[in-house]
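A.B. asks: sequence and predicted structure below; questions after.
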2 protein chains.
Amino acid sequence: MDISTLSEKINHTLSTLRYGEHPVELYEPIRYIMALSGKRIRPLLVLLAAKMYHDDVDKALLPAAAVEVFHNFTLMHDDIMDKAPLRRGEQTVHEKWNANTAILSGDVMVVRAYQLLLGVEQDKLAQVLELFSETAAQVCEGQQLDMNFEQREQVSIQEYIRMITLKTAVLLGFSLELGAILQNAPLSDAEHLKAFGDNVGIAFQLRDDLLDVYGDKAKFGKQVGGDILSDKKTYLMLTALEQANEQQRQTIISWRDKTDDSIAEEKVEAITAVYNQLNIRHQTEQQIDRYFQKALHHLDAIQLPEERKSTIRGLALQLMERDS
Amino acid sequence: MDISTLSEKINHTLSTLRYGEHPVELYEPIRYIMALSGKRIRPLLVLLAAKMYHDDVDKALLPAAAVEVFHNFTLMHDDIMDKAPLRRGEQTVHEKWNANTAILSGDVMVVRAYQLLLGVEQDKLAQVLELFSETAAQVCEGQQLDMNFEQREQVSIQEYIRMITLKTAVLLGFSLELGAILQNAPLSDAEHLKAFGDNVGIAFQLRDDLLDVYGDKAKFGKQVGGDILSDKKTYLMLTALEQANEQQRQTIISWRDKTDDSIAEEKVEAITAVYNQLNIRHQTEQQIDRYFQKALHHLDAIQLPEERKSTIRGLALQLMERDS
């Protein structure tokens, strides 16, 4: 069974979910956001981890759906907080309806996510729900830190890594851990998969930061330099600020809050020039590699034949767009 | 052990809860709203139901706290949606901090509420969490209906009862059901307690509507006629609209959207006069009594000696401010 077969299973499961009917104002936004088909990477990780331990992964389908529903809840609420107009090219829920609807529909999604986990075998239920809850709270902590950082003058690299770990990485780690636990994997394997996922998640977010500046525009599908234009405190920006001399620092600061379209190209060029002077691209690539290698060490530590690990290894490489 | 001893246990338990520390912006609002001491009626219902079946209620303490944390989550999010400036005489969370903080802190509270339920015995956990989740979703449905009704011209009495059932009553019913389940009460008893709580909850909300107009100002502690001034579609207003002749209907409609302080007294008097003409007070009292009697029938149906039921019966009478 390859990844596309598992993806089909996920899409089929998601298409069968019933969130509720009345009042329609509460449930329609849930169906809407769940239909904006994302990559479904988290449920895929649940199934891939489950498949390492048993070929039959059907018992992991509803738990996998739970993670996807929870993830989409965070998108719905984050979009309100970030005042984002678009999500996956479509109107966000608070734009299409209103903020109150997005708050309340999101609240119900958390509840539905928990309900999707209630079919887990009785002797594992408390453990799974505790890990899920801890992860869920961490994702909220990460979102709060992200909002805090926007208001702050200085953010250290360490704080930034902590933020992306909580906001993005831990849910990827939990997805793998969940799949393993559901199939009675040894505790140490579940922990290694969790650590693998966390570290891949950090590497993936750093890569996202990198591609915003150095990505192939056509391939990446976003405007190059979007983070620069919006003054986002990315790994690249924070590293540059930490290493800049006085002149470079002044250059960066002088461009802050200038978000007008007419100077966009000039701004991106100016900041990128500072990045180039400081060799930020190479440093970021090195950092990404460090987290990716750390992830792979955890995968290596799992006592299973390589053929059981190769699909997950391959997916991680693919996420990193690397050959090996 | 009387009610005040149980209340002390609840307050002690709530005071020991740890929601989290970092980032402080996420967790401080939770401590703030949980410290605005409400009546703690829901956790008290959990313990009172538990006590009907076993004198030792300690295993119900954390589940009782879970219900209180969930209830306060709904207050935090409802206050954003209703743009309420005050809660229990203090600034609401979105006023003291901001809406984003109130959204995100509320989200974590849902997660913490679930976590507080995870200590429930393994063989009851899935059942308890399913009932809790269903109740939680219903509370959200009730809030959505309440918001819908504000935008609508017409709301039937039946729809209104459905709304307050979901928004207010089902969590009271669940609280009692939870206490019973935790002590291995017979299923039919748990169901009767649930129905008792639901019906007391409806009666209590109708009484709240009634007291807004006909309450003793000093005793009630709120401005008399607040619902009238804000054009709230209460049981009284909807009943009046249903039964009004053309002239009475015109009187009601002519006062709509007039919320200025200078005409407040005149507005309350005019609408109250219509209520008096239509005998709305007596009709509402009858309806309250109908739900209260229905509640008592469910309490009567429970196969326990009366002394085991007398505290809950007494509390319900007290909530209704009745002697018998």
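C.D. replies: Right, received. Where do you want to start?
A.B. asks: quick check: closest non-adjacent residue to A:Trp97.
C.D. replies: Of all residues not flanking A:Trp97 in the chain, A:Pro29 sits nearest, at 5.8 Å (Cβ to Cβ, 6 or more residues apart in numbering or on different chains). Backbone N, C-alpha and C define where each C-beta goes, glycine included.
A.B. asks: what kind of secondary structure is that neighbour in?
C.D. replies: On the three-state scheme (DSSP: H, G, I helix; E, B strand; the rest coil), A:Pro29 is labelled helix.
A.B. asks: next, count neighbours for the nearest residue to A:Leu319 once chain neighbours are set aside.
C.D. replies: Take A:Leu319 and drop its neighbours on the chain: the residue closest to it by Cβ to Cβ, 6+ apart is A:Phe204, 5.6 Å away. By other Cβ atoms under 10 Å in any protein chain shown, 21 other residues sit near A:Phe204.
A.B. asks: please apply the same query to A:Arg162.
C.D. replies: A:Arg162 - counted by other Cβ under 10 Å - has 16 other residues nearby.
A.B. asks: name the SS class of it, please.
C.D. replies: helix.
A.B. asks: got a list of what the residue nearest to A:Leu319 touches?
C.D. replies: For A:Phe204, the contacting residues are A:Thr168, A:Ala169, A:Leu172, A:Leu319, A:Met320, by Cβ atoms under 8 Å, 6 or more residues apart in numbering or on different chains.
A.B. asks: host element of it?
C.D. replies: Using DSSP states H and E, A:Phe204 maps to helix A:187-214.
A.B. asks: chain center to that helix, what's the gap?
C.D. replies: 9 Å (Cα atoms, centre = their mean, to the nearest Å).
A.B. asks: what's the average pLDDT for that helix?
C.D. replies: For helix A:187-214, mean pLDDT rounds to 96.
A.B. asks: buried residues of that helix, list them for me.
C.D. replies: Going by neighbour count (16 or more other Cβ atoms under 10 Å in any protein chain shown), the buried part of helix A:187-214 is A:189-214.
A.B. asks: what's the answer for stretch A:24-35, then?
C.D. replies: A:Glu25, A:Leu26, A:Tyr27, A:Glu28, A:Pro29, A:Ile30, A:Tyr32, A:Ile33, A:Met34.
A.B. asks: can you tell me which of those residues is closest to chain B?
C.D. replies: Nearest to chain B among these: A:Leu26, at 4.3 Å, using Cβ to the nearest Cβ.
A.B. asks: C-alpha coordinates for the helix or strand encompassing that closest one, CSV please?
C.D. replies: Secondary structure assignment for A:Leu26, by DSSP H and E: helix A:24-35. The C-alpha atoms that make up helix A:24-35 are tabulated as CSV, following Å, rounded to 0.1, in the frame of the first residue of the first chain:
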residue,chain,number,x,y,z
VAL,A,24,-26.6,25.4,9.8
GLU,A,25,-24.7,28.6,10.6
LEU,A,26,-22.6,26.6,13.1
TYR,A,27,-21.8,23.6,10.9
GLU,A,28,-21.6,25.0,7.4
PRO,A,29,-18.3,26.7,8.1
ILE,A,30,-16.8,23.4,9.4
ARG,A,31,-17.7,21.6,6.2
TYR,A,32,-16.4,24.6,4.2
ILE,A,33,-12.9,24.7,5.8
MET,A,34,-12.6,20.9,5.8
ALA,A,35,-13.3,20.9,2.1
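A.B. asks: quick check: residues of chain A near chain B?
C.D. replies: A:20, A:22-23, A:25-26, A:77, A:80-81, A:99-101, A:103-104, A:106-108, A:110-112, A:114-115, A:118, A:122-123, A:125-126, A:129-130, A:133, A:136-137, A:140-141, A:143-145, A:147-148 (Cβ under 8 Å from any Cβ of the partner chain).
A.B. asks: taking their axis directions, the strand or helix carrying A:Gly106 and helix A:24-35 sit at what angle?
C.D. replies: Here A:Gly106 is covered by helix A:99-117, with elements defined by DSSP H and E. Relative orientation of helix A:99-117 versus helix A:24-35 (axes from the mean of the first three to the mean of the last three Cα atoms, to 10 degrees): 70 degrees.
A.B. asks: and helix A:99-117, how far from the chain's centre?
C.D. replies: Per Cα atoms, centre = their mean, the centroid offset for helix A:99-117 relative to its chain is 19 Å.
A.B. asks: tell me the spacing between the residue lying closest to A:Leu125 once chain neighbours are set aside and A:Gln127.
C.D. replies: Once flanking residues are discounted, A:Leu125 sits nearest to B:Leu125: 5.5 Å by Cβ to Cβ, 6+ apart. According to Cβ to Cβ, to the nearest Å, B:Leu125 and A:Gln127 sit 11 Å apart.
A.B. asks: who's more crowded, the two?
C.D. replies: Neighbour count, other Cβ under 10 Å: between B:Leu125 and A:Gln127, B:Leu125 has more, with 18 against 14.
A.B. asks: check for me that the more buried one belongs to a strand.
C.D. replies: No - under three-state DSSP, B:Leu125 falls outside any strand and is assigned helix.
A.B. asks: isn't it up against A:Gln122?
C.D. replies: Yes - the criterion here is Cβ atoms under 8 Å, and B:Leu125 meets it with A:Gln122 at 7.3 Å.
A.B. asks: shared neighbours of those two, anything?
C.D. replies: Contacts common to B:Leu125 and A:Gln122, judged by Cβ under 8 Å, 6+ apart, are absent.
A.B. asks: all helices of the stretch 1-150 of chain A, in order?
C.D. replies: Secondary structure of the stretch 1-150 of chain A (DSSP state H, counting those that start in this stretch): helices at A:3-16, A:24-35, A:41-53, A:61-81, A:93-96, A:99-117, A:122-151.
A.B. asks: okay, the fourth one in PDB with CA atoms only?
C.D. replies: Included here for helix A:61-81 are C-alpha records, laid out as PDB according to Å, rounded to 0.1, in the frame of the first residue of the first chain:
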ATOM      1  CA  LEU A  61      -8.500   6.300  10.300                       C
ATOM      2  CA  LEU A  62     -10.800   8.100  12.700                       C
ATOM      3  CA  PRO A  63      -8.000   9.200  15.000                       C
ATOM      4  CA  ALA A  64      -6.200  10.500  11.900                       C
ATOM      5  CA  ALA A  65      -9.300  12.400  11.000                       C
ATOM      6  CA  ALA A  66      -9.300  13.800  14.500                       C
ATOM      7  CA  VAL A  67      -5.900  15.400  14.000                       C
ATOM      8  CA  GLU A  68      -7.000  16.900  10.700                       C
ATOM      9  CA  VAL A  69     -10.100  18.400  12.300                       C
ATOM     10  CA  PHE A  70      -8.100  19.800  15.100                       C
ATOM     11  CA  HIS A  71      -5.500  21.300  12.700                       C
ATOM     12  CA  ASN A  72      -8.300  22.900  10.700                       C
ATOM     13  CA  PHE A  73      -9.700  24.300  13.900                       C
ATOM     14  CA  THR A  74      -6.400  26.000  14.600                       C
ATOM     15  CA  LEU A  75      -6.400  27.500  11.100                       C
ATOM     16  CA  MET A  76      -9.900  28.800  11.500                       C
ATOM     17  CA  HIS A  77      -9.100  30.600  14.800                       C
ATOM     18  CA  ASP A  78      -5.600  31.700  13.700                       C
ATOM     19  CA  ASP A  79      -7.100  33.300  10.700                       C
ATOM     20  CA  ILE A  80      -9.300  35.400  12.900                       C
ATOM     21  CA  MET A  81      -6.400  36.500  15.000                       C
END
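A.B. asks: count of neighbours near A:Gln248?
C.D. replies: With other Cβ under 10 Å as criterion, A:Gln248 counts 18.
A.B. asks: now swap in A:Gly225 and tell me
C.D. replies: A:Gly225 - counted by other Cβ under 10 Å - has 20 other residues nearby.
A.B. asks: which non-adjacent residue is nearest it?
C.D. replies: In this structure, A:Gly225 finds its nearest non-sequential neighbour in A:Val268, 3.4 Å apart by Cβ to Cβ, 6+ apart.
A.B. asks: which residues touch A:Asn72?
C.D. replies: A:Asn72 sits next to A:Ile33, A:Met34, A:Gly38, A:Met109 when contact means Cβ under 8 Å, 6+ apart.
A.B. asks: can you list these in CSV and add pLDDT?
C.D. replies: Formatted as CSV, those follow (pLDDT from 0 to 100):
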residue, pLDDT
A:Ile33, 97
A:Met34, 97
A:Gly38, 85
A:Met109, 98
